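> Okay, predicted coordinates and the sequence, questions at the end:
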Amino acid sequence: NALAGRRIAIVDSVPGVTRDRISAPVPVGDSYVELLDTGGFGIEDRDNLTDHINQQIDLAVASADLILFLVDAREGLQPLDRAVAEKLRRHGKGLLLVANKIDIPGAQLELGELHGLGAGEPIPISATHGQGLADLTDAIAERLGPGLAERPDEPNMKLAIIGKRNVGKSTFINALAGSERVIVSEVPGTTRDSIDVRIELDGRTLLAIDTAGMRKRSKVADDVEYYSQHRALRSIRRADVVLFMMDATDPVGRVEKNLLQYVTELFKPVVLVLNKWDLAEDRADRDDYIPYLAEVLPELAYAPVLLACAATGMGIREAVELAGELFDQTRTRVPTPELNNVVQAMLARHSPKRGRTHRPGRVYYVTQVAVAPPTLVLFVNDVSCFDATYRRYLLNQLRQHLPFTEIPIRLIIRPRRRDPDRERPPQRERP
């Protein structure tokens with residue numbers, strides 16, 4: 001987190017919080033490197049995921065050009081440190097020994113012992129207070145040499161994969177990435193951090209964000225789970241498009257409804273992905289699900305629905321392509337004359353009721369002021385004429401007649417401002 005300059009990985013006093021590989025671009029001088037954070041060696045996971053965590057560590061080490069061997073400066077040389085140092089040496093990779101937590105009184109006295117690891121001179125740092133980080137990045141640049149990468153381009157689209165626990169989000173990410181990028185387990189709540197995975201697909205750079213599974217607030221067990229849920233919500237805010245994954249064998253519950261309400265409040269385009277379709281196709285077909293979802297999620301009747309099986313790869317590519325279509329819709333601008341023609345035709349078919357002024361509702365003109373989400377402002381004679389029911393009518397009609405068929409539209413209704421100079425009666429000149 002200190003090297004990346006932002007909170008990416010969850011930090012907690014409980015050992016073994018990190019499970020997956022978490023990556024982030026980190027500035028090193030005028031260049032950038034990709035930093036991979038991993039779970040800790042020698043931690044027995046409480047959910048029996050130790051072997052999975054160790055596999056992720058091995059994959060990170062195998063792909064690395066340089067390894068930062070982080071030790072606790074307060075504790076001095078420990079037997080586990082010796083075992084880890086020996087394991088890392090067998091990989092034959094470049095190694096930098098980093099002694100963290102030197103801000104703790106007495107920690108500096110233990111640095112001498114660390115020479116016994118045979119990993120070179122320890123670089124003292126305090127990640128919490130930022131001490132020694134400049135020396136560390138200088139050492140990284142020196143060991144990696146010239147030719148480091150430039151700042152990576154921003155992805156064309158950020159795609160958050162969200163849903164309740166154990167619906168197959170991590171399996172989906174791995175199928176999309178074509179590798180065991182994140183841990184997959186039958187244990188609910190396996191994923192804790194929100195994990196960014198950059199993927200090149202059809203000439204487009206996609207940032208897929210795997211998130212922790214959501215559940216009822218009353219069942220959040222500890223601080224780690226609380227921060228996992230918080231990171232998942234932040235991932236929705238970061239995303240351009242949301243893939244909302246549901247278990248096709250389970251009915252839609254309160255957790256899904258609350259989470260989707262949050263998505264709609266942010267005006268995020270969403271694809272409803274019915275995963276594990278291989279387990280449900282004998283019970284129902286797609287035509288049965290569409291009216292069911294429209295009934296239980298009426299505010300998302302416009303959202304596309306996709307059947308998928310992440311375990312076999314079914315629907316994976318289609319989901320991303322569909323997300324790309326929604327992304328393009330959110331970036332579309334409609335010319336003002338076309339907007340006004342569409343809205344006036346809607347008013348002619350169904351006019352708003354009379355408002356507090358007892359005048360019939362009238363729209364003077366409409367304009368699009370923003371994209372992502374498309375934001376339309378209607379200037380009217382009386383805002384009270386346009387109640388919630390009529391606004392729903394407007395939104396449904398706008399989706400039918402504008403290129404915003406499957407995405408949310410932000411609709412703003414404002415009274416037209418009168419020109420005070422035009423409204424003021426001319427004054428007579430005094431003789």
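Great, that's in hand. The structure displayed is predicted, hence computed values, not measured ones. Numbers count the residues shown, from 1 in each chain.

> what bridges to Val241?
Val241 forms beta bridges with Leu159, as assigned by DSSP bridges.

> ok, it - contacts?
Contact partners of Val241, counting by C-beta atoms under 8 Å, 6 or more residues apart in numbering, are 157-160, 268-271, 323-324, 326-327, 330. C-beta coordinates here come from the backbone N, C-alpha and C atoms, glycine included.

> ditto for Thr367
So Thr367 contacts 336, 339, 376-377 (C-beta under 8 Å, 6+ apart).

> where does Ala303 land on pLDDT?
Reported pLDDT at Ala303 in the predicted model: 96.

> Point to the residue nearest the middle of this protein.
Using C-alpha atoms, centre = their mean, the residue of the chain that lies closest to the mean C-alpha position is Ser235, 2.7 Å off.

> so where's the stretch 51-200 of the chain shaky on pLDDT?
Low-confidence segments of the stretch 51-200 of the chain (pLDDT under 70): 52, 104-110, 179-194.

> Helices of that one, residue ranges please.
For the stretch 51-200 of the chain, the helices defined by DSSP state H, counting those that start in this stretch cover 79-90, 133-144, 169-177.

> thinking again about what came up before, can you flag the buried ones in the contacts of Thr367?
Buried members of those, scored by 16 or more other C-beta atoms under 10 Å, are 339, 376-377.

> Now do Tyr393: how many residues are near it, please.
Burial of Tyr393 is recorded as 15 neighbouring residues (other C-beta atoms under 10 Å).

> residue ranges of the strands in the stretch 151-300 of the chain, please?
Secondary structure of the stretch 151-300 of the chain (DSSP state E, counting those that start in this stretch): strands at 157-162, 195-201, 204-210, 241-247, 270-275.

> Select, out of those, the one closest to Gly40.
strand 195-201 (16.9 Å; C-beta to C-beta).

> Would you mind extracting the C-alpha trace of the closest one into CSV?
Taking C-alpha atoms only, strand 195-201 is exported to CSV below (Å, rounded to 0.1, in the frame of the first residue of the first chain):
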residue,chain,number,x,y,z
ILE,A,195,-8.1,-8.0,-7.1
ASP,A,196,-7.4,-6.2,-10.3
VAL,A,197,-6.5,-8.4,-13.3
ARG,A,198,-5.5,-6.7,-16.6
ILE,A,199,-6.6,-8.7,-19.6
GLU,A,200,-6.0,-8.0,-23.4
LEU,A,201,-9.1,-9.0,-25.4
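
> which strands and helices sit next to that strand?
Helices and strands touching strand 195-201, by 3 or more C-beta pairs under 8 Å, 6 or more residues apart in numbering; DSSP states H and E, are strand 22-28, helix 169-177, strand 204-210.

> Past the first one, which element shows up next along the chain?
With elements assigned by DSSP states H and E, the helix or strand that comes after strand 22-28 is strand 31-37.

> could you say what helices and strands that next one packs with?
strand 22-28, helix 133-144.

> For whichever strand or helix holds Asn396, buried residues please.
According to DSSP H and E, Asn396 maps onto helix 388-401. Under the neighbour-count criterion of 16+ other C-beta under 10 Å, helix 388-401 has 390, 394-395, 397-399, 401 buried.

> Show me the two of those residues that sit farthest apart.
Tyr390 and His401 (16.3 Å).
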